[in-house]
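J.: quick one: sequence plus predicted model below, questions after.
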Amino acid sequence: MAGRAGGSVFVLTDYGLADEFAGVLRAVVQRDAPGASIIDLTHGVTPFDVRGGALALVRAIPYLGPGVVLAVVDPEVGTARRAVAVSVSPAHGARGPHHFVGPDNGLLPWALDVVGGVDRAVALAPRGESRGSTFDGRDLFAPVAAQLWQGVPLSHLGDEFDPRTLVRLSAPRLSASPGALESEVLWVDRFGNVQLAARPDDATAAALGIELEVVAAAVHGARRVQAFAELEFHALGLVVDANGHLALVCHRQSAATVLQVQPGAVVTLRAIVPGRSAP
Amino acid sequence: MAGRAGGSVFVLTDYGLADEFAGVLRAVVQRDAPGASIIDLTHGVTPFDVRGGALALVRAIPYLGPGVVLAVVDPEVGTARRAVAVSVSPAHGARGPHHFVGPDNGLLPWALDVVGGVDRAVALAPRGESRGSTFDGRDLFAPVAAQLWQGVPLSHLGDEFDPRTLVRLSAPRLSASPGALESEVLWVDRFGNVQLAARPDDATAAALGIELEVVAAAVHGARRVQAFAELEFHALGLVVDANGHLALVCHRQSAATVLQVQPGAVVTLRAIVPGRSAP
Amino acid sequence: MAGRAGGSVFVLTDYGLADEFAGVLRAVVQRDAPGASIIDLTHGVTPFDVRGGALALVRAIPYLGPGVVLAVVDPEVGTARRAVAVSVSPAHGARGPHHFVGPDNGLLPWALDVVGGVDRAVALAPRGESRGSTFDGRDLFAPVAAQLWQGVPLSHLGDEFDPRTLVRLSAPRLSASPGALESEVLWVDRFGNVQLAARPDDATAAALGIELEVVAAAVHGARRVQAFAELEFHALGLVVDANGHLALVCHRQSAATVLQVQPGAVVTLRAIVPGRSAP
């Protein structure tokens, strides 16, 4: 059975760019799949932050063309954790990535959900250099990504297993009740915007109005806005961000600094009840 | 009317590389313009620093081959600020970029001046996802850059407007008088070199000699040199830098740290008058 | 005589990514060698750290396909230091890079040793813009790399010289005696792993056991392991790393922080002698 092939190789890691790790990954893909366009999604995932990497991949995935996703955030490299390659359901068509490669630690499944789920999955056989390696990105995942790009069938790369056994991360905390929306902070971006797990429907479910309160380290007033520039200096806004999530933002200022929150924190958005805020 | 097409897509943003923003931009260009070579000029512009981005683009532009410049430093995203695409005067020929895409906030015009000015300009029509978006780079600018690369005529992308109405940044501060040259600091690079708005002709106009004084937070002696390595440790040199500007430099040390200056600061270079420096 | 040509252009510099330096280098290569795949190995070498750049290149080189290596860490730019281009011994075949370009300051020879040594070497003639330039990467090295990629013979680019006169860096400190292995720290990576000059054979020569002591700022216990995940929190491990060197590591923690060492430091690994460690 011939695999689907071609397109780009999309790379996401926690390697950073100070060392040559990411460059060597690119070089191996280029060496083994000459002509592949290599698209770095990011190498800036916080070291060992599988959850942060999984979320970045979910945000990027709707915008990718055809190709292979090569994702490596792998604190358990060298242990018995599975290294995997999966094919995407053909129903998803030729629009997006057709294969994903990476460690089986929760990094891939959320993004796979977005593209319609897994068709088939294999546990990668270790190969020469990768036996006992501390750099499976270079020695196993990149060569496999290049082979999948070349059209090597998945079945040639390892033993098939039930995709439902892929390791999954716990779902982000999120709960709505009348007047209150409790949500995990998924992401703080370079600009200090605070992306929440909550989406506009959740705000509706919680009956939050245009003016609201944010409970983090302290209690802050906030306002629903459409653009950063609607906000005065130091004012906190609630927007629907570019990924369809609610996000707490400021104008030319870091909302994360104002709120003193980091990814993984839980904040509460509260409707303002007349009388309560006027003691 | 067919547009000019092809070449590279040159990308400059303030997105940084810690998040997947720049990667998604690359992916969208690759998806919509398969085969384009994507050249990241930099994603390291200080967040929201339109002036810093405009200056980086000016420095890069003489060295670019044919293609489309995609530049995004856009603090007013989501507001009524214009999103624009412009074609470069055909007199500039096929040597450099033929189109520029970005926000109308001063980011583009200085670089456009370098390549011979604007031929035609259009205000981009919002499109599906970009309506009310906080990520026009992904939803509007990158798709438009890909279309221009593909040869879609500018007139298909929005309403034409008079290019003389493009927003322009204020010119850098610069004034020469006999014995004194006052200049804005344009840029402090990774190595701590301090690029001035002044050029060699300005030093000549101010009759600065080989030995001179630099007035910043304090007064420092400095010397005209050709190479960093001519300088002793801690000594300050004045060179003509790789962009034809005067720059204050040290050898293997940050001149910006010695001088305690940042971009936007104003420094004065003074000729040394015999008698004045010997009390 | 036609040169060998094609493949990728592999780029390593200390330019960082905050400025447009690396982007301009890419743009010049793309302009002069359209169709070349440009692979950034890293631009994150510590500014002016020729030794660090040389070591990063050595680690990357075995994984590169055919092409030209363009390496620039060049504190003496603008002085009489030679700018060089070299061809790799044809015996190395078409598997790896066929040419290297960069300053003659020790940056290239270690990597050249890995690929079988130098065949021919030329001192690059300065060209128009590069005369007195502070940015030879843009004005000299990148154009030359593009020409070599195009197949321009080395002899057209400058005067041939004896490759044995290439500047070489001092060898890393390393000495083994019974029960003690003294080694320079070559590299601290993003994850805080501490790569030593020593290799497994050196540990064997020093008769180090599974349990050992590391003498840095203080004395630490350590244990030979295969994977990071075998280590408890705060425990120090000794692994054979992905480049075949001994490395001191922790699990999800920086060994460099635990040991308080940086590249260039010297550490001693000591066998544990029964009785000595129990006073």
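T.: Received the coordinates, thanks. Predicted model only: the values in this text are computed from it and were never measured. Residues are numbered from 1 along each chain as shown, chains lettered A, B, ... in the order given.
J.: contacts, neighbours, all on C-alpha from now
T.: OK.
J.: hmm, the lengthiest strand in chain A touching chain B?
T.: Longest strand in chain A, counting residues (DSSP state E): strand A:180-188. No. Judged by Cα under 8 Å from any Cα of the partner chain, strand A:180-188 makes no contact with chain B; its nearest approach is 9.2 Å.
J.: parallel or antiparallel, which strands does that strand pair with?
T.: With DSSP bridges as the test, strand A:180-188 is paired with strand A:174-177 (antiparallel), strand A:194-196 (antiparallel), strand A:266-271 (antiparallel).
J.: list the buried residues of it.
T.: Neighbour counts over strand A:180-188 (16 or more other Cα atoms under 10 Å in any protein chain shown) mark A:180-188 as buried.
J.: tell me how far residue A:174 lies from chain B.
T.: Applying Cα to the nearest Cα, to the nearest Å, the value for residue A:174 to chain B is 23 Å.
J.: now residue A:146: how far from chain B?
T.: Distance, residue A:146 to chain B, by Cα to the nearest Cα: 18 Å.
J.: what's around that residue, how many residues?
T.: Neighbours of residue A:146 under the rule other Cα atoms under 10 Å in any protein chain shown: 25.
J.: same check, this time on the one 5 residues further on
T.: Number of residues near residue A:151 (other Cα under 10 Å) recorded here: 15.
J.: can I get the strands paired with strand A:180-188 in a markdown table including mean neighbour count and mean pLDDT?
T.: As requested, these are exported to a markdown table (neighbours: other Cα atoms under 10 Å in any protein chain shown; pLDDT from 0 to 100):
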| stretch | mean neighbour count | mean pLDDT |
| --- | --- | --- |
| strand A:174-177 | 16 | 96 |
| strand A:194-196 | 28 | 98 |
| strand A:266-271 | 21 | 96 |
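J.: looking at those strands, which is nearest to residue A:247?
T.: Distance to residue A:247, taken as Cα to Cα, is lowest for strand A:194-196 among the strands paired with strand A:180-188, at 4.3 Å.
J.: ok, then the element right after that closest one?
T.: The helix or strand immediately downstream of strand A:194-196 is helix A:200-205, counting by DSSP states H and E.
J.: need the strands for the stretch 151-279 of chain A, in chain order.
T.: Per DSSP state E, counting those that start in this stretch, the stretch 151-279 of chain A carries strands over the ranges A:158-161, A:174-177, A:180-188, A:194-196, A:211-215, A:219-224, A:237-240, A:246-249, A:266-271.
J.: identify the bridge partners of the spatially closest residue to residue A:225 that is not a sequence neighbour.
T.: Spatial nearest neighbour of residue A:225, excluding adjacent residues (Cα to Cα, 6 or more residues apart in numbering or on different chains): residue A:239 at 5.6 Å. Beta-bridge pairing of residue A:239 under DSSP bridges involves residue A:247.
J.: buried residues, stretch A:80-98. List them.
T.: Using 16+ other Cα under 10 Å as the test for burial, stretch A:80-98 gives A:82-89, A:96-98.
J.: of the residues you listed, closest to residue C:146?
T.: For those, the nearest to residue C:146 is residue A:97 (32.5 Å; Cα to Cα).
J.: show me what the closest one is bridged to.
T.: Going by DSSP bridges, residue A:97 is paired in beta bridges with residue A:67.
J.: spatially, which two of the buried residues of strand A:180-188 are the most separated?
T.: Taking Cα to Cα, the two most distant members of these are A:180 and A:188; they sit 21.8 Å apart.
J.: quick check: residue A:46 vs residue A:74, distance?
T.: 11 Å (Cα to Cα, to the nearest Å).
J.: looking at these two, which is more packed in?
T.: The residue with more neighbours, out of residue A:46 and residue A:74, is residue A:74; 24 against 17, by other Cα under 10 Å.
J.: for the more buried one, helix, strand, or coil?
T.: The three-state label given to residue A:74 by DSSP: H, G, I helix; E, B strand; the rest coil is coil.
J.: ok, residue A:171 - how many residues close by?
T.: 9.
J.: picking up where we left off before, now the longest strand of chain A against strand A:211-215, angle please.
T.: If you take axes from the mean of the first three to the mean of the last three Cα atoms, to 10 degrees, strand A:180-188 sits at 70 degrees to strand A:211-215.
J.: can I get strand A:180-188 in PDB, CA atoms only?
T.: Taking C-alpha atoms only, strand A:180-188 is exported to PDB below (Å, rounded to 0.1, in the frame of the first residue of the first chain):
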ATOM      1  CA  ALA A 180     -19.400  32.900  36.700                       C
ATOM      2  CA  LEU A 181     -17.000  31.300  34.200                       C
ATOM      3  CA  GLU A 182     -14.000  29.500  35.600                       C
ATOM      4  CA  SER A 183     -11.300  28.800  33.000                       C
ATOM      5  CA  GLU A 184      -7.700  27.600  32.700                       C
ATOM      6  CA  VAL A 185      -5.200  29.900  31.100                       C
ATOM      7  CA  LEU A 186      -4.000  28.000  28.100                       C
ATOM      8  CA  TRP A 187      -1.400  30.400  26.800                       C
ATOM      9  CA  VAL A 188       0.400  33.700  27.300                       C
END
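J.: that one - what's its average pLDDT?
T.: Per-residue pLDDT over strand A:180-188 has a mean of 98.
J.: from the middle of its chain, how far away would that strand be?
T.: Distance of strand A:180-188 from the chain centroid (Cα atoms, centre = their mean, to the nearest Å) equals 15 Å.
J.: contacts for it, please.
T.: A:52, A:55, A:172-176, A:193-198, A:202-203, A:206-208, A:256, A:261-271 (Cα atoms under 8 Å, 6 or more residues apart in numbering or on different chains).
J.: same question, stretch A:14-31
T.: If you take Cα under 8 Å, 6+ apart as the criterion, stretch A:14-31 is touched by A:13, A:36, A:38, A:43-49, A:53, A:72-73, A:137-138, A:142-143, A:145-146, C:39-45, C:56, C:60, C:63-66, C:189-190.
J.: of these, buried ones?
T.: Taking 16+ other Cα under 10 Å as the criterion, what is buried in the contacts of stretch A:14-31 is A:13, A:36, A:38, A:43-49, A:53, A:72-73, A:137-138, A:142-143, A:145-146, C:39-45, C:56, C:60, C:63-66, C:189-190.
J.: tabulate the strands of the stretch 151-279 of chain A (CSV), appending distance to residue C:22.
T.: Formatted as CSV, the strands of the stretch 151-279 of chain A follow (distance: least, Cα to Cα, whole Å):
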stretch, distance to residue C:22
strand A:158-161, 39
strand A:174-177, 43
strand A:180-188, 27
strand A:194-196, 31
strand A:211-215, 42
strand A:219-224, 40
strand A:237-240, 35
strand A:246-249, 32
strand A:266-271, 40
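J.: go through these and name the closest to residue C:8.
T.: In terms of Cα to Cα, the element of those nearest to residue C:8 is strand A:158-161, at 30.4 Å.
J.: got the buried residues for that closest one?
T.: By 16+ other Cα under 10 Å, the buried positions in strand A:158-161 come out as A:158, A:160.
J.: any idea which of the strands paired with strand A:180-188 gets closest to residue C:151?
T.: Closest approach to residue C:151 among these (Cα to Cα): strand A:194-196, 50.6 Å.
J.: what helix or strand is the closest residue to chain B within the stretch 51-200 of chain A located in?
T.: Closest residue of the stretch 51-200 of chain A to chain B, Cα to the nearest Cα: residue A:65 (4.9 Å). Using DSSP H and E, residue A:65 sits in no helix or strand.
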